[in-house]
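[1] Dropping the sequence and predicted coords here.
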Amino acid sequence: MGLTILEKIIALQKKTSHIRNLCILAHVDHGKTTLADSLVASNGIISSRLAGKLRYLDSREDEQIRGITMKSSAISLHYTTGGNEYLINLIDSPGHVDFSSEVSTAVRLCDGAIVVVDAVEGVCPQTQVVLRQAWLENIRPVLVINKIDRLIVELKLTSQEAFTHLQKILEQVNAVTGSLFTSKVLEERAEKDAEAQSSCTENSSADQVYDWSAGLEETDDSDLYFSPDRGNVVFASAIDGWGFRYILRFFKQRALSHFIKLISPCFSLSSQSKGKKPLFVQLVLDNIWNMYDAVVTRRDKEKVEKMVTSLGLKVMSRDLRHSDPKVLLSAICSQWLPVSRAVLSMVCEKLPCPAEISAERVEKLMSVGARRFDSLPEKTQELKKAFLDCSADETAPVIVFVSKMFAVDSKALPQNKQRPLTQEEIAQRRELARQRHAERQAANQSYIYTLFCSADALCAQTEALSVKAAVEEENKEHFVAFARVYSGVVRKGQKVFVLGPKYDPSLALRALPEGCSVADVLPSIPHMTCCTVDSLYLLMGRELEELDEVPSGNVLGIGGMEEFILKSATISTSPACPPFTPLNFEATPIVRVAVEPKHPSEMPKLVRGMRLLNQADPCAEVLIQETGEHVLVTAGEVHLQRCLDDLRERFAKIEISASEPIIPFRETVIRPPKMDMVNEDLGKQQKVAVIHQVKEEQMKNPEGVQVDSTGLVTLTTPNKMATVRVRAIPLPEEVTRLLEDNVELIRTMEQFSLFAWEDKTLDINQKILENIQDFKVKLESNLQGHKWRGAVEHIWAFGPRRCGPNILLNNIEGYRRPSVWQCLEREKETERAEIRDFDNSIVSGFQLATLSGPMCEEPLMGVCFSVETWHMKISAPLAQQDSVDEDSQPAEPSNDDQSESSDVHETSSNRSRSRVEAAGGSVDCYGPFSGQLIAAMKEACRFAFQAKPQRLMAAMYTCEIMATAEVLGRMYAVLSKREGRVLQEEMKEGTDMFIIKAVLPVAESFGFADEIRKRTSGLASPQLVFSHWEVISSDPFWVPTTEEEYLHFGEKADSTNQTLKYMNAVRRRKGLYVEEKIVEHAEKQRTLSKNK
Amino acid sequence: MSIFTPTNQIRLTNVAVVRMKKGGKRFEIACYKNKVMSWRSGAEKDLDEVLQTNTVFVNVSKGQVAKKDDLSSAFGTDDVTEVCKQILAKGELQVSDKERQSQLEQMFRDIATIVAEKCVNPETKRPYTVILIERAMKDIHFSVKANKSTKQQVSRAGSCEDLTVADEVSVVNASVCPSLQALEVIKQLKQSIQIQRAHMRLRFVLPAKDGKRLKEKLRPLIKTVENEEFDDQLEMVCLIDPGCFRDIDELIRCETKGKGTLEVLSLKDVEEGDEKLE
């Protein structure tokens, strides 16, 4: 771009009233970037011939290939009208749903917005969204109805039909604006009502008259709507380069202008005399229709020439002769009714300058979350004035908001840009090259100078190394902050505070001395850092221009902030400045994938790349899961694709692959079902003998394991020294939930017991103790009934990992070990409880068993293992040693005081340990005894588990969907296809939106968001949050057993079993045995014929 | 019957022969390929899908059918189906291509799962995923030694599932166990990616007089000491390589003569919970 424009722009930046910050918003493919192209072309940055084809602001390769915009990018334009020069900071935004976060970043920095609507498609879902976004950010919109040429060329509407069509579109847009307005008014009204009611209850006034007017009538909303006679609508065809706004202006330039004067100058679009065409059609549309007819449809050369001369335009003969009529058309139209002039003049007239920022908007920006503006510190409130003034004074505090960070190749930075070489430089280089060449030749020829050669080679090597280093330096990604100055002047080298989104000004004000500045050494305050502004850039689409200072009201890029800013931040010279309200994103990230490098050794590169990606993308989330997966969460499939491309090519620069993340399951047991699969009572029916059942029974129980009919499992260790009997019992659902919720408490209790075991005490504060007591009471109340009598007191351990949702019960007669609740009983007289030897082994076995269940090695949940008996045969030498032990330390009487009893405790535990070691020391072909006991206990638990009806538990998402009434049906279809369950649906007040709450298995959630969007054309958008675990009701091992089931399902029952499918998928992933035939049909294998 | 004509001969194709020697005689049955293993594992329940023909042969390729007397003398019954089932269950067979392939794949997965479960990335203290380990194993051209595991009945549950406990628990069938191959894999993988066995967290309490002496001996076995208290007795919490557990156990037991205690705090020390990258 020319230097003159740059200088002009810099000069204009200081005139706040002549700046317009605006963004272009629309549904995808409604022509935002094309419109931006024509505006860019008006400044001579690109050729006007290429406008609409080049898509200058789509600088990424994939943007050009896919033909959609994926990021918001800014450009500064210069516009002169009526002797006034304006600086226009234009931000182009993407229209695709996946990138609505980029729209938010763009909208935040602007004062006005151009809303583009396709004349054919009308108001689309994204149009509604962007209108809402503009509304929420309090920025003023103007309307451009684009692609009117399609009405003529594609739909072949007559001018009359087109008129009604355009009217309809205007109505639609105004309806959306209207609904936004009413919902706001209703909200305010509701707030007022609530306040009134609270005051009413105090007064308890008897006569309440409800005011039905709802305040709608009182509030004036006329200035919100779009209407041609208000001058905030442009009719345009950006691809052909024409557009007009004021109908009057349109005619003045034409020969017919004298005719116009006869008509009332304030006619409106809808004024219509009887039986005739409306004036708008007669005077405006007909002319355009004629033009298209002559140029595109009939190609009437003579008429075209006549029109051109009557309009007083000059069209190059080259264009006249061009075979493509579109070329001629745009050549004529861009002179006749240039779209850029129409749009830019409207923008300059109708949109506010930065200084006109409304107080309401400032308050909204400054009050984070639910905090009210009034509650901010006084000094912060004073800053409001700075906002409103928007002055570029030296004294004004600097306030800058960074809405996103974007990555720039270091090559694109102006510092590193190649300037054209001067003649002398070129000559110098040539000389150098010649010298080098001569040297090389000389070296090659002279065999004697081998030494010299090697030295040269060394030189070359070092040179190559330095080049390599330089290349690496160049490849580094630079981040530029996309920002706007709200007050003051930002200068290069200035010291500023960077305030994170969670920064609290009141905290800082208290900590900092009065009147301190950034240069002082400051105590560290959370979410606040100091840094120096490295470099300032003017954003020019794909290029950047370096600046020295930027006064308030401008959009700019700030370099060198990557270490201080993650995604968005506020920059200020005043610590009193509050962080701006976080951007409200319309789309929350929901598409999850696991990312892995192709070569496992490149893991660190991937992690670094993902960090950069997280910084560069306002909407992407990255996290490492407990399983070691690196998960990338994006807003949609297209967004995902872009993120992966970015990772591959810019940030990580390695090959990566993305896959569905691992879905967790839990295993549990349930009470035996009373009904069979065809809802018949099981008790009355005779079981049909199943041939294979006998065989399976045999297979299940290897030697040494006995399972009785009630599910009691007896197992003996390989050396026949110990026998345990275990039974598995399903826990009630409430108990499981209780255990899940109180993991922290259980962990504390566990720690306490551990310390008690070592005879130390752990101090737990009173609050936690109360909580534990509470937890215990709740457990007791939930574990009612005969079979749970005293169960809470007998809890031995929790598992897995000592704090999970499974319980080990001590139902052994005559074994009283200290309870897990001992932290509660510290005050009481400690009962004499003894810990048997190998107590730990039993617990370890239980922990292992609960960590991975028999179905597919997933953790158990909601299972209670009750140990009924535990026999030990201690061999003779051990017993002797025991007796020796007891002799040396005679047992204390039981009614001793506390200190002594604890002494006993210690000795006993010590003894048990010595026994452990002694037992381990005895030579045993099966390994150490403690290990055998762990294995035996684990096996016993597994068999006990298998003896009960087993079920899988699936993780569930709660899914909140906003949808309009017309797509409800399709949305339900998607939900039910994916086994979702609707919990509730309700209509949002004041709109036609429904809010549906549903639950959905995590396993079915991949592609769900995308599918629902596709099926409902984007009118329903789900949000998924993990909620709970739910038992899948079908039995994975189910085979038909009753007569009814045989009738219904047949002998094989080969209908798909969802649970079995899940289970087998997990087993296959883990490399466990899957009961599947290698080939389904023996006869259908390939026959290898023998030559016979 | 004696004349061999095209009309009266039944030609079997795709035969997998299962042989068994009993009572000094050889018996064979003709089965379909890739089906016998499925039958043995219980996945295939239809006998007709396994057997080509319900006959017991002396030699399948020659078509010599076993005599009834031989059958009843060897098996105690002349019910051919019953005999076929016995031969199917206990006879020796040539493993078919797909069977072998699936067997190897499963073993490969199994090993990868064990490695993924037991190892962490030492930098992040987080486990690798199974898929990543599999890819790394392919990269180093690791091949499963299938011949070591023809015995399917390895008590997987007891010895292989838990390496760390395997140090403690009896390892019955060591050479066949995939976990031992997994150990080998870990060794090899260390050369290509950052991987190590997840550390075990131990706590031991030693009497004061043994403490000093033992500490020096324990030092080379311990990776990192997290906590150390020395007042009247030495108490240490430390991370060790699971392979050293036996040595440490032995050392403490022998040297302190049963007075020292050893306690496993966690079998593997890994980061818990999700971490957001920022």
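    That came in fine, so what should we check first?
[2] Assign the residue nearest to residue A:232 when sequence neighbours are not counted to helix, strand or coil.
    Once flanking residues are discounted, residue A:232 sits nearest to residue A:142: 4.6 Å by Cβ to Cβ, 6 or more residues apart in numbering or on different chains. C-beta coordinates here come from the backbone N, C-alpha and C atoms, glycine included. Per DSSP: H, G, I helix; E, B strand; the rest coil, the local secondary structure of residue A:142 is strand.
[3] how near is residue A:142 to chain B?
    Residue A:142 is 39 Å from chain B, where distance means Cβ to the nearest Cβ, to the nearest Å.
[4] list the contacts for that residue?
    A:112-115, A:226, A:232-234, A:346-347, A:350-351 (Cβ atoms under 8 Å, 6 or more residues apart in numbering or on different chains).
[5] go again using 6 Å as the cut-off
    A:114, A:232, A:346, A:350 (Cβ atoms under 6 Å, 6 or more residues apart in numbering or on different chains).
[6] Surely the first one is in a helix?
    To tie it back to what came earlier, the one meant is residue A:114. No: Residue A:114: not assigned to a helix; according to three-state DSSP it is strand.
[7] doesn't residue A:26 make contact with it?
    No: here residue A:114 does not reach residue A:26: they are 8.4 Å apart, not a contact under Cβ atoms under 6 Å.
[8] Enumerate the residues of the stretch 1-150 of chain B near chain A.
    B:13-14, B:32, B:34-35, B:38, B:43-45, B:49, B:98-99, B:102, B:106, B:109-110, B:113, B:126-129, B:132, B:136 (Cβ under 6 Å from any Cβ of the partner chain).
[9] Out of these, which sit inside helices?
    B:38, B:98-99, B:102, B:106, B:109-110, B:113, B:132, B:136 (DSSP state H).
[10] Name the nearest residue to the one residue in the stretch 401-550 of chain A that gets nearest to chain B, ignoring sequence neighbours.
    Residue of the stretch 401-550 of chain A nearest chain B, by Cβ to the nearest Cβ: residue A:500 (11.1 Å). Nearest non-adjacent residue to residue A:500, counting by Cβ to Cβ, 6+ apart: residue A:527, 3.6 Å away.
[11] That neighbour is in contact with residue A:501, isn't it?
    No: with contacts defined as Cβ under 6 Å, residue A:527 does not count as touching residue A:501, sitting 7.5 Å away.
[12] returning to that earlier point: if any of the ones in helices among the residues of the stretch 1-150 of chain B next to chain A are buried, put those into a ChimeraX selection.
    Of these, the buried ones can be selected in ChimeraX as follows, counting by 16 or more other Cβ atoms under 10 Å in any protein chain shown:
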select /B:38,99,102,106,109,110,113,132,136
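[13] What ranges does chain B have for its strands?
    Counting by DSSP state E, chain B has strands at residues B:15-22, B:25-32, B:57-59, B:64-65, B:92-93, B:119-120, B:196-197, B:200-207, B:222-230, B:233-240, B:261-266, B:275-276.
[14] which one of those is the most hemmed in?
    strand B:119-120 (a mean of 24; mean count of other Cβ atoms under 10 Å in any protein chain shown).
[15] what does that one contact?
    B:127, B:195, B:197-198, B:270.
[16] can you list the domains in chain A?
    Segmentation of chain A into domains, based on the TED database, reads A:5-350, A:591-662, A:722-827+A:837-873+A:929-947, A:952-1033, A:1051-1091.
[17] quick revisit: residues near the residue of the stretch 401-550 of chain A closest to chain B, how many?
    17 (other Cβ atoms under 10 Å in any protein chain shown).
[18] of all of chain B, which residue lies closest to chain A?
    For chain B, Cβ to the nearest Cβ, closest residue to chain A: residue B:109, 2.4 Å.
[19] which non-adjacent residue is nearest residue A:779?
    residue A:792 (5.2 Å).
[20] Name the SS class of the one you found, please.
    coil.
[21] can I assume it is in contact with residue A:777?
    No: judged on Cβ under 6 Å, residue A:792 makes no contact with residue A:777 at a distance of 9.1 Å.
[22] Who has more neighbours out of those two?
    residue A:792 (21 against 11).
[23] mind listing what the more buried one touches?
    A:779-780, A:783.
[24] Which of the helices and strands in chain B ranks last by mean pLDDT?
    In chain B, no helix or strand scores lower on mean pLDDT, DSSP states H and E than helix B:163-166, which sits at a mean of 40.
[25] Give the burial count for residue A:392, as a bare number.
    20.
[26] Before we move on, what's the pLDDT of it?
    On pLDDT, residue A:392 comes in at 72.
[27] Tell me the secondary structure at it.
    Once three-state DSSP is applied, residue A:392 turns out coil.
[28] Leaving out chain neighbours, which residue sits closest to it?
    residue A:551 (3.5 Å).
[29] The one you found and residue A:545: what is the separation?
    16 Å (Cβ to Cβ, to the nearest Å).
[30] Of these two, which one has the most company?
    residue A:551 (24 against 19).
[31] if I pick the closest residue to residue A:628 other than its chain neighbours, what's in contact with it?
    Leaving aside its chain neighbours, residue A:628 sits nearest to residue B:127 (3.9 Å; criterion: Cβ to Cβ, 6+ apart). Residues near residue B:127 by Cβ under 6 Å, 6+ apart: A:628, B:116, B:120.
[32] can I get these in TSV with pLDDT and distance to residue A:723?
    Listed next are those as TSV, based on pLDDT from 0 to 100; distance: Cβ to Cβ, whole Å:
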residue	pLDDT	distance to residue A:723
A:628	79	39
B:116	85	35
B:120	86	37
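[33] Next SSE downstream of the biggest helix by length in chain A?
    Longest helix in chain A by number of residues (criterion: DSSP H): helix A:159-203. Note on helix A:159-203: by DSSP states H and E, the next helix or strand toward the C-terminus is strand A:233-237.
[34] and that following strand, what does it pack onto?
    strand A:140-146, helix A:148-153, strand A:242-244, helix A:339-350 (3 or more Cβ pairs under 6 Å, 6 or more residues apart in numbering or on different chains; DSSP states H and E).
[35] For residue A:177, find the nearest of those.
    Residue A:177 lies closest, by Cβ to Cβ, to one member of these: strand A:140-146, at 8.0 Å.
[36] Next, the angle helix A:339-350 makes with that closest one.
    160 degrees (axes from the mean of the first three to the mean of the last three Cα atoms, to 10 degrees).
[37] Looks like residue A:1078 contacts residue B:34 (just checking).
    Yes: with contact defined as Cβ under 6 Å, residue A:1078 reaches residue B:34; the gap is 4.8 Å.
[38] which residues do those two both contact?
    Joint contacts of residue A:1078 and residue B:34 (Cβ under 6 Å, 6+ apart) are B:98-99.
[39] so for stretch B:66-86, what's the average pLDDT?
    On average, stretch B:66-86 scores 89.
[40] Same question for stretch A:998-1009.
    pLDDT averaged over stretch A:998-1009 gives 85.
[41] Let me see the contact set for the spatially closest residue to residue B:108 that is not a sequence neighbour.
    Residue nearest to residue B:108 in three dimensions, not counting chain neighbours: residue B:144, with 5.2 Å by Cβ to Cβ, 6+ apart. Residues in contact with residue B:144, defined by Cβ under 6 Å, 6+ apart, are B:104, B:107-108.
[42] how close does residue B:144 get to residue B:185?
    Residue B:144 is 10 Å from residue B:185, by Cβ to Cβ.
[43] low pLDDT regions in the stretch 1-150 of chain A?
    Low-confidence segments of the stretch 1-150 of chain A (pLDDT under 70): A:1-4.
[44] From what I see, residue A:55 and residue A:33 are in contact.
    Yes: applying Cβ under 6 Å, one finds residue A:55 in contact with residue A:33, separated by 4.8 Å.
[45] burial count for the nearest residue to residue A:981 once chain neighbours are set aside?
    What sits nearest to residue A:981 in space, not counting adjacent residues and going by Cβ to Cβ, 6+ apart, is residue A:999, at 5.2 Å. Around residue A:999 there are 17 other residues, counting by other Cβ under 10 Å.
[46] Setting the sequence-adjacent residues aside, check what's closest to the most centrally placed residue in chain A.
    Nearest residue to the geometric centre of chain A (Cα atoms, centre = their mean): residue A:589, 2.3 Å. Once flanking residues are discounted, residue A:589 sits nearest to residue A:633: 4.2 Å by Cβ to Cβ, 6+ apart.
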